[in-house]
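A.B. asks: Starting from these lines, generate the structure:
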Amino acid sequence: MSRAEDFSDRLPLPNPVDPTTTAQPITKVAPTGWFTPLRFAWSVLKVVWASPNTLFGVFVGGVGLVAGTRVRFREGCLEFWGGNVAWLLRRLPNNPIAMTLGHVVLGIDEASLRRVGLHERIHVRQYERWGPLFLPAYGLASWWAWRRGLNAYFDNVFEVEAYADDARRAALKSTVDAPHKH
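C.D. replies: Numbers count the residues shown, from 1 in each chain. Here you go, the predicted model:
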């Protein structure tokens, strides 16, 4: 591949409006992934909208810090594991290995957080959409599934979304990680 082919997206092209110039009309304010004030404001609003649940998660995880709980910031979330957090999770129905509260993920141990990290990040996005309404909506979705004779956890619409996204990501990862034949 020649250098020109490598950078073909950066070569000047004729302007479709005025063919005498290569200046292009502005079609985007900024390429995807670039900082824009609007994108920043939207990110802040999502964090604020989820903050009541996040504060509850920080409280639960923070109390555990005095009894062996560990903490780190990863991928936009606080993660607490071990100590009192593990003790609490082992006493919840369905014996979860992790649980999300806003932008806080509580886990039994670090390995569990690694294993279910993508799944829990889907719940973080759900908190960003639903904000303080997420926990009541989650409870109502579990009740509705149970009322219809389904599993209150696995058939909860929030879990169905999270597990479906897990499957899509795993499939995508397997195609990306697969050896390519040239």
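
A.B. asks: ok, the most centrally placed residue in the chain - contacts?
C.D. replies: The chain has Arg121 as the residue nearest its centroid, 2.9 Å off, counting by C-alpha atoms, centre = their mean. For Arg121, the contacting residues are 75, 77, by C-beta atoms under 8 Å, 6 or more residues apart in numbering. For every residue, glycine as well, the C-beta is placed using N, CA and C.

A.B. asks: Quick one: low-confidence residue ranges for the chain.
C.D. replies: Scanning the chain with the threshold set as pLDDT under 70 gives 1-35, 169-182.

A.B. asks: need the helices for it, in chain order.
C.D. replies: All helices of the chain, identified by DSSP state H, fall at 3-6, 37-64, 83-89, 110-130, 134-147, 157-177.

A.B. asks: tell me the angle the fourth one makes with helix 134-147.
C.D. replies: Same thing as helix 110-130. Inter-element angle recorded for helix 110-130 and helix 134-147: 100 degrees (by axes from the mean of the first three to the mean of the last three C-alpha atoms, to 10 degrees).

A.B. asks: Now do the buried residues in helix 110-130.
C.D. replies: 112-113, 116-117, 119-124, 126-128, 130 (16 or more other C-beta atoms under 10 Å).

A.B. asks: now those residues as a markdown table including distance to Phe40?
C.D. replies: As requested, these are exported to a markdown table (distance: C-beta to C-beta, whole Å):
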| residue | distance to Phe40 |
| --- | --- |
| Ser112 | 32 |
| Leu113 | 28 |
| Val116 | 29 |
| Gly117 | 25 |
| His119 | 27 |
| Glu120 | 24 |
| Arg121 | 20 |
| Ile122 | 23 |
| His123 | 23 |
| Val124 | 18 |
| Gln126 | 22 |
| Tyr127 | 19 |
| Glu128 | 15 |
| Trp130 | 22 |
